[in-house]
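> sequence below, structure please.
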Amino acid sequence: MSANGLRRAVHAEWTKLRTETGHAWLLLGLVAVTASVSAAVVATTRCPARGCGTDPVRLSLTGVTLGQAIAAVLAVQVIGHEYGTGLIHTTLAAVPRRTTVLTAKAAVLSGAVCTAGTLAVLASALAGRRLLPDNGFTPAHGYAALSLADGPTLRAVAGSAIYLVLVALLALGVAAAVRDAAAAMGVVLGLLYLFPLLSHLVTDPQLRRHLAQIGPMPAGLAVQATTDLRHLPIGPWAGLGVLALWAAGALLIGGTVLRLRDA
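This is a model prediction of the structure:
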């Protein structure tokens, strides 16, 4: 993979992303949905007494659990749309090295989702800072105002943006392997939401803990936790690492399928 070839491929993928109206709306939707859901949650959550047991930072970032679906849709569309329209033949004719194509798509997608995701989580954190004190999350109840100067808060906010990027890369890898946008979206949503669902269904606490440790969504979202870290099934950065492994595995499989199968 030459540097010039990769640079041209990245430029081509950026042009596609920038000129496709649907992609822009999805990025705007990622910001709007994540921030609005987070604001709605913090606006309706009360802490009437000291030690109400709620993690205010994690609460403020609740919208990420829905915003990730939009990031996944965008990622699937980045490659699934080309298979659906036949444009993939043009793409592969222009850039014959298929690993270069997938690398370029991953790079452009990561940059776009990172930008939108950062805006989304910053807006969510700002909503928490503004609204939570009015609902009882005050120093009198043991809660300081949310601030990025606080290490755990900064880690949760930055980690949430990284989480959205990793979910998008996971979806891109799945879409490259499955090739059908609807089927790929079903697989991605299944991977994300199946583990939390199973955790609510099983009664064995040890099995529930293992599901939270290996599931891409519950493990990855551990990065948002700022309180009671000792009781987490998995540590914040370790959990994000689990999601990174899922994304890397999906990209490896997707890249292998893209390289070995006809378009």
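
> where does pLDDT dip in the stretch 1-150 of the chain?
Along the stretch 1-150 of the chain, the model assigns pLDDT under 70 to residues 1-2.

> could you redo the last one with a cut-off of 90?
Scanning the stretch 1-150 of the chain with the threshold set as pLDDT under 90 gives 1-9, 11-13, 15-21, 48-53, 80-99, 140-145.

> show me the helices in it, by range?
3-19, 21-43, 56-60, 64-85, 87-94, 98-131 (DSSP state H, counting those that start in this stretch).

> what distance separates the fifth one from the centre of its chain?
Between the mean C-alpha location of helix 87-94 and the chain-wide mean there is a distance of 28 Å, by C-alpha atoms, centre = their mean, to the nearest Å.

> hmm, who's touching that helix?
For helix 87-94, the surrounding residues in contact (C-beta atoms under 8 Å, 6 or more residues apart in numbering) are 12, 79, 81-82, 98, 101, 263. For glycine as for every other residue, the C-beta is placed from the backbone atoms N, C-alpha and C.

> quick one on the thing from earlier: export the helices of the stretch 1-150 of the chain to JSON lines and tack on distance to Leu146 and mean neighbour count?
What follows is the helices of the stretch 1-150 of the chain, written out as JSON lines (distance: least, C-beta to C-beta, whole Å; neighbours: other C-beta atoms under 10 Å):
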{"stretch": "helix 3-19", "distance to Leu146": "32", "mean neighbour count": "15"}
{"stretch": "helix 21-43", "distance to Leu146": "10", "mean neighbour count": "19"}
{"stretch": "helix 56-60", "distance to Leu146": "6", "mean neighbour count": "24"}
{"stretch": "helix 64-85", "distance to Leu146": "15", "mean neighbour count": "23"}
{"stretch": "helix 87-94", "distance to Leu146": "44", "mean neighbour count": "14"}
{"stretch": "helix 98-131", "distance to Leu146": "4", "mean neighbour count": "21"}
